[in-house]
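Student: got a predicted model here, sequence first, then my questions.
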Amino acid sequence: MNKIQKLYIFFMFAGSLIITSCSNFLDIQPTGKVIPNTLEEYRALILLSILMD
């Protein structure tokens, strides 16, 4: 195996680890933060930010 093939295999392996290791990262809900889920919550949040200016 030449050097380019070894680097290719290494980066493919590292990339597959990175992709599979972050599967639950987005499932974590932060505490103490406002996270709008519906259209009405988004509107209220935007309206509140406009009124605060």
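Tutor: Received the coordinates, thanks.
Student: thought P36 was touching Y42?
Tutor: Yes: at 4.6 Å, P36 and Y42 qualify as touching, with contact defined as CB atoms under 8 Å. Using the backbone N, CA and C atoms, a C-beta is placed for each residue, glycine as well.
Student: from I28, how far out is L51?
Tutor: When distance is defined by CB to CB, to the nearest Å, L51 is 30 Å away from I28.
Student: dump the residue contacts of Y42.
Tutor: Counting by CB atoms under 8 Å, 6 or more residues apart in numbering, Y42 touches P36.
Student: quick one: it and F11, what's the gap?
Tutor: According to CB to CB, Y42 and F11 sit 40 Å apart.
Student: then L17?
Tutor: L17 is 11 Å from F11, by CB to CB.
Student: okay, now P36: neighbour count?
Tutor: P36 has 12 neighbours, counted by other CB atoms under 10 Å.
Student: quick check: which element contains it?
Tutor: Assigned by DSSP states H and E, P36 belongs to no helix or strand.
Student: who touches it in this structure?
Tutor: P36 is in contact with 42, 44-45, counting by CB under 8 Å, 6+ apart.
Student: repeat the analysis, applying 6 Å as the threshold.
Tutor: Counting by CB atoms under 6 Å, 6 or more residues apart in numbering, P36 touches 42, 45.
Student: now it: how far from A44?
Tutor: 8 Å.
Student: any regions of this protein where pLDDT drops low?
Tutor: By pLDDT under 70, the low-scoring segments of the chain are 20-27.
Student: ok now the host helix or strand of Y42, how far from the chain's centre?
Tutor: Using DSSP H and E, Y42 falls within helix 39-52. When distances are taken as CA atoms, centre = their mean, to the nearest Å, helix 39-52 is centred 23 Å away from the chain's centroid.
Student: swap in stretch 11-21?
Tutor: Distance of stretch 11-21 from its chain centroid, counting by CA atoms, centre = their mean, is 16 Å.
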